[in-house]
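Asks: Below are the sequence and a predicted model for it; my questions follow.
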Amino acid sequence: MVYNDLNMTAEPVPPPEYRPVEDIDTTVLKPVSEDLYRTPNQLKQLLESYNIWDTDWKEDNLRLLWSDLHTGSKQLVATNSRDKKTEGLALIMEIISADVLHYDAAGHEYQLQEDWHALVTFDRQTKTGSVERKQRQKARALSEKIEPGESVPEALDRAIKQELGLDPGNCTSDILESRWESRFSPSYPRLQNLTQVHICRILLNDKRGGGIPFESHVEEESVPATVGPEQTKVVRFSWKSKTHRAIQDWAESK
């Protein structure tokens, strides 16, 4: 296991058969025809043909993957290595990851930070539920998956409305960088996960922080569940002074 320095939560180590994103020609990603996975069993056969399916896979995860593919939230593509010698199969998706900033009347810069989030699960059949809370200091507060047919600016506007409860018309946003990342999912062993991440910046034009309280701001979001119980994500945000943090970082470096 690998532990990050921020919250010491365990992160899975990708197996050696995963190729770094630098080895994949991301300019040539060919969508796999839906005719090849019209049923979960056909999807299983497709994974077997690429030596991806093995005993580590669970049938529930196979059905969840099949459902995600047919709703369009994820897409299967055929990949090639940059030297054109190795073919593969990958799951791709697009997300936005945004810094949310604002300046007060005195010109001080503040950045919105996610303090913690909790996943509330409720099963209507058994009338049981659970709460999983994760404490973390996530500087880039806004992260959202881009829906099928949605542009990056449209996804930004939707995230501002849904996650922050703000009017996108009162914000100025821009795209700073777009890059591909290779991620590991323990739910889909041996299946390469490629994510195109659009790094963005959102500036709130309101000098009061867009109406988001300085002490804390809690948002609730329903998580669509195609398989299993209903889930609700609860996130708490707070403003952090970038000026004060910069001074603290400088002092600690001395």
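Replies: Arrived safely. Note that this is a predicted model, so its numbers are computed, not measured. Numbers count the residues shown, from 1 in each chain.
Asks: Could you list the low-pLDDT ranges of the stretch 51-200 of the chain?
Replies: Residues of the stretch 51-200 of the chain meeting the criterion pLDDT under 70: 115-120, 122, 124, 127-141.
Asks: Leaving out the residues flanking it, which one is nearest to residue 52?
Replies: residue 190 (4.6 Å; Cβ to Cβ, 6 or more residues apart in numbering). C-beta coordinates here come from the backbone N, C-alpha and C atoms, glycine included.
Asks: quick one: the helices in the stretch 51-200 of the chain?
Replies: Using DSSP state H, counting those that start in this stretch, the helices of the stretch 51-200 of the chain run over 59-71, 152-164.
Asks: Need the winner for burial among those.
Replies: helix 152-164 (a mean of 19; mean count of other Cβ atoms under 10 Å).
Asks: Point out the other helices and strands that it packs with.
Replies: Other elements packing on helix 152-164 under the criterion 3 or more Cβ pairs under 8 Å, 6 or more residues apart in numbering; DSSP states H and E are strand 87-103, strand 142-145, strand 171-183, strand 192-204, strand 217-223.
Asks: try 7 Å
Replies: Judged by 3 or more Cβ pairs under 7 Å, 6 or more residues apart in numbering; DSSP states H and E, helix 152-164 is in contact with strand 87-103, strand 142-145, strand 171-183, strand 192-204.
Asks: want to throw these into JSON lines with distance to residue 72 and mean neighbour count?
Replies: Formatted as JSON lines, these follow (distance: least, Cβ to Cβ, whole Å; neighbours: other Cβ atoms under 10 Å):
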{"stretch": "strand 87-103", "distance to residue 72": "10", "mean neighbour count": "19"}
{"stretch": "strand 142-145", "distance to residue 72": "11", "mean neighbour count": "18"}
{"stretch": "strand 171-183", "distance to residue 72": "19", "mean neighbour count": "14"}
{"stretch": "strand 192-204", "distance to residue 72": "15", "mean neighbour count": "19"}
